[in-house]
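*Asks:* Build me a model from this:
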Amino acid sequence: MAQHNIQGQTGENKASEFLIQKGYQILHRNWRCGHKELDIVAKKESTIIFVEVKTRKNTLFGSPLESVNNKKIRRIVSSADAYIKYFKLDNPIRFDIISIITNEGNEKIEHIEEAFYAPIW
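*Replies:* Numbering: from 1, shown residues only. Below you'll find the model as predicted:
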């Protein structure tokens, strides 16, 4: 497995643990439907939360949050729509981002709730 894939998987593990500690229930990790993918799908109370996880070793090439651009947001929303339809859900939803920076053993986790809203096409 490539190093960036290992780093991403490690970040998603840490993000899942972080969410569980905050009282979230993890419904799915790396959920796929064709080319669509969601990093983490969680639930808190009745709200379904779609979580994009971005992990970096440092901020040399920008913060992890900066990599969630409009194109990525559209992809996440499209994947969330597929998830909602697949499981026939009628719950409130939310889009969060978890940023993880692991710099020489120092770890910084940032959880942005309601990081973005679904754009109108």
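*Asks:* I'd guessed residue 108 sits against residue 98; true?
*Replies:* No: with contact defined as Cβ atoms under 8 Å, residue 108 does not reach residue 98; the gap is 11.0 Å. Placement of C-beta: from N, CA and C, glycine included.
*Asks:* Those two - which one has more neighbours?
*Replies:* Neighbour totals were compared for residue 108 and residue 98, and residue 98 leads with 26 against 12 (other Cβ atoms under 10 Å).
*Asks:* Just give the nearest non-adjacent residue to that one, would you?
*Replies:* residue 15 (4.4 Å; Cβ to Cβ, 6 or more residues apart in numbering).
*Asks:* Below-threshold pLDDT in this protein: ranges please.
*Replies:* 1-8, 59-60, 121 (pLDDT under 70).
*Asks:* Would you map the helices across it?
*Replies:* Remark: helices assigned in the chain by DSSP state H are 3-21, 70-86.
*Asks:* Any chance of those helices in CSV with mean neighbour count as columns?
*Replies:* Formatted as CSV, those follow (neighbours: other Cβ atoms under 10 Å):
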stretch, mean neighbour count
helix 3-21, 15
helix 70-86, 16
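*Asks:* With residue 27 as the reference, name the closest of those helices.
*Replies:* helix 70-86 (9.2 Å; Cβ to Cβ).
*Asks:* Okay, buried residues for stretch 104-120 please.
*Replies:* Neighbour-count burial for stretch 104-120, with 16 or more other Cβ atoms under 10 Å as criterion, is recorded at 109, 115-116.
*Asks:* List of residues touching stretch 111-121?
*Replies:* 18-19, 22, 52, 65, 68, 70, 73-74, 77, 80, 94-99 (Cβ atoms under 8 Å, 6 or more residues apart in numbering).
*Asks:* Please repeat the previous calculation with a cut-off of 10 Å.
*Replies:* Stretch 111-121 is contacted from outside by 15, 18-19, 22, 44, 49-52, 65, 68, 70, 72-74, 76-78, 80-81, 93-100, using Cβ atoms under 10 Å, 6 or more residues apart in numbering.
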